[in-house]
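Engineer: Would you be able to build a 3D model of this:
(one chain, ligands or ions: 1)
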Amino acid sequence: MSSFPIEAFGGVSTPFYYYDMPLLRSTLATVCACRPPGSVVHYALKANSNAQLLKLISQSGLGADCVSGGEIEAAVACGFAPDKIVYSGVGKTDAEIRLALSLAIACINVESVAELEVIDAIASECGVVAPVAIRVNPHIDAHTHHYITTGLSENKFGIDISQLHAVVDRVLNMKHVRLRGLHFHIGSQITTLQPYEALCEVVNRLQDEMELRGVKMDYINVGGGLGVDYEYPDEHPIPDFASYFGTFARLLQLREGQALHFEPGRSIVCQCGTLISRVLYIKEGLHKRFAIVDAGMTDLMRPALYQASHKIENLTSQGALCKYDVVGPICESSDSFGHDVALNEAQRGDFIAIRSAGAYGESMASRYNSRQLPGIMLGE
Ligand SMILES: *Cc1c(COP(=O)(O)O)cnc(C)c1O
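Structural biologist: Have a look, this model is predicted:
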């Protein structure tokens, strides 16, 4: 079991997110050491936009990948230079596009022709030329560990690969939009490298096609999605960035002067965060025992939202292992962190750690049931 400074937890009200800052520092150092020379790593803020974490991440030299005007403002406030900010999202508002243009961020990742037309019009009003990348949906199945080209697999993200050439033609005719790159983001919590290998093949093929047409991109953005080990966070506190970056360095055929961009979110911040709660009640059911904790789906929504599973530990007890359903106080049946979880025998007041909660945890917290937002503790 990993070590947490339980003594320091005593006077703090639960639930709160505990962030292991030395682990975040080592993770960032690993990223900076392993990334291909000349590439830019844009941290995806939506995974966690806590200001303390953002400051450390911007100081380490990473750029920012934002999906809203609010995230762009948070990035700038925490020290990310606008020329290292990229902006994605299928539903950018006019005000958000204006904000991006007025700050002169590096690039807007565009997800539809309708959006391109609006960007062209707003850039024209503002008297600027908007740098854009086209987000391509390459039909790579990131979850089944093999890729299928169905031609039917439509989703709201990106422009279908079959429509790319027509869209490029449109962009090249727009006066206030400049095509700078191709953008891809094939999914999240990807735990094998095979989808990335498939992505490299697709990118190489598209680049060949673009070259035949005399269209050159300044950069290729391969998005994020690298997964983490939720089951064994202590064995794998830092994802295998060397293999991840190495795959692109080995397989992608970049053109002269072309830069490679990445957008990792989860893999940067997930393992440094733990949600700390206390046991409120042990409830003996008919066939089950419930550990009712003071953290709920409002603090960490992943289990309720997509049946995600997190490692759970009793930090206080050395007692025999018993099975519990670990549940929160919210008035929803989905407010559960795990069924039949083996915990050291628990009693009221014990500290319960829900591990690997640094990504899509605090950033998804809500005030449902008029609850307070979770607190924060930075571990040094
Ligand atoms: C969410 C997102 C990311 C980050 O994904 P992770 O799985 O957290 O690495 C990167 N790029 C885009 C466009 C995203 O929407």
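Engineer: contacts and neighbour counts: CA atoms only from here.
Structural biologist: Noted.
Engineer: can you pull the contacts of the closest residue to residue 16 other than its chain neighbours?
Structural biologist: Residue nearest to residue 16 in three dimensions, not counting chain neighbours: residue 375, with 4.2 Å by CA to CA, 6 or more residues apart in numbering. Contacts for residue 375 were tallied using CA atoms under 8 Å, 6 or more residues apart in numbering; they are 13, 14, 15, 16, 17.
Engineer: again, but for residue 284
Structural biologist: If you count contacts by CA under 8 Å, 6+ apart, residue 284 has them with residue 290.
Engineer: all numbers from here: first residue = 55
Structural biologist: Sure, I'll start counting at 55 from here, so that last one is residue 338.
Engineer: Is it bridged to anything, and to what?
Structural biologist: When bridges are called by DSSP bridges, residue 338 pairs up with residue 343.
Engineer: Quick check: it vs residue 60, distance?
Structural biologist: 27 Å (CA to CA, to the nearest Å).
Engineer: same thing with residue 392?
Structural biologist: Residue 392 is 23 Å from residue 60, where distance means CA to CA.
Engineer: Show me which of these two is the more surrounded one.
Structural biologist: A count of neighbours by other CA atoms under 10 Å puts residue 392 above the other of residue 392 and residue 60, at 19 against 11.
Engineer: three-state assignment of that one?
Structural biologist: Judged by DSSP: H, G, I helix; E, B strand; the rest coil, the three-state class of residue 392 is strand.
Engineer: My guess is it contacts residue 361. True?
Structural biologist: No - the criterion here is CA atoms under 8 Å, and residue 392 misses it with residue 361 at 9.1 Å.
Engineer: Show me which residues of the stretch 55-204 of the chain are close to the ligand?
Structural biologist: Within the stretch 55-204 of the chain, the positions lying close to the ligand (CA under 6 Å from any ligand atom) are 98, 101, 142.
Engineer: Among those residues, name the ones in strands.
Structural biologist: Taking DSSP state E as the definition of strands, those contribute residue 98.
Engineer: which stretches of the stretch 205-354 of the chain form strands?
Structural biologist: Secondary structure of the stretch 205-354 of the chain (DSSP state E, counting those that start in this stretch): strands at 213-214, 231-237, 273-275, 313-316, 327-338, 343-347.
Engineer: okay, the ones you listed in CSV with mean pLDDT and distance to residue 425 next?
Structural biologist: Below are the strands of the stretch 205-354 of the chain laid out as CSV (pLDDT from 0 to 100; distance: least, CA to CA, whole Å):
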stretch, mean pLDDT, distance to residue 425
strand 213-214, 92, 40
strand 231-237, 97, 39
strand 273-275, 97, 39
strand 313-316, 98, 36
strand 327-338, 98, 14
strand 343-347, 98, 14
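Engineer: got JSON lines for these, with distance to residue 128 too?
Structural biologist: Formatted as JSON lines, the strands of the stretch 205-354 of the chain follow (distance: least, CA to CA, whole Å):
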{"stretch": "strand 213-214", "distance to residue 128": "28"}
{"stretch": "strand 231-237", "distance to residue 128": "23"}
{"stretch": "strand 273-275", "distance to residue 128": "22"}
{"stretch": "strand 313-316", "distance to residue 128": "20"}
{"stretch": "strand 327-338", "distance to residue 128": "20"}
{"stretch": "strand 343-347", "distance to residue 128": "32"}
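Engineer: any chance of those in CSV, plus distance to the ligand?
Structural biologist: Converted to CSV, the strands of the stretch 205-354 of the chain look like this (distance: least, CA to the nearest ligand atom, whole Å):
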stretch, distance to the ligand
strand 213-214, 13
strand 231-237, 8
strand 273-275, 9
strand 313-316, 8
strand 327-338, 14
strand 343-347, 27
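Engineer: quick one, which of those strands is nearest to residue 138?
Structural biologist: strand 313-316 (10.4 Å; CA to CA).
Engineer: so what does the lengthiest helix in the chain touch, helix or strand wise?
Structural biologist: Looking across the chain with DSSP state H, the single longest helix is helix 248-266. Where contact means 3 or more CA pairs under 8 Å, 6 or more residues apart in numbering; DSSP states H and E, helix 248-266 is packed against helix 295-305.
Engineer: same question for the helix it packs on, mean pLDDT?
Structural biologist: Taken as a whole, helix 295-305 has a mean pLDDT of 98.
Engineer: for that helix, the distance to its chain's centre please.
Structural biologist: Distance of helix 295-305 from the chain centroid (CA atoms, centre = their mean, to the nearest Å) equals 19 Å.
Engineer: How about stretch 420-434?
Structural biologist: Distance of stretch 420-434 from the chain centroid (CA atoms, centre = their mean) equals 19 Å.
Engineer: Thanks a lot, catch you later.
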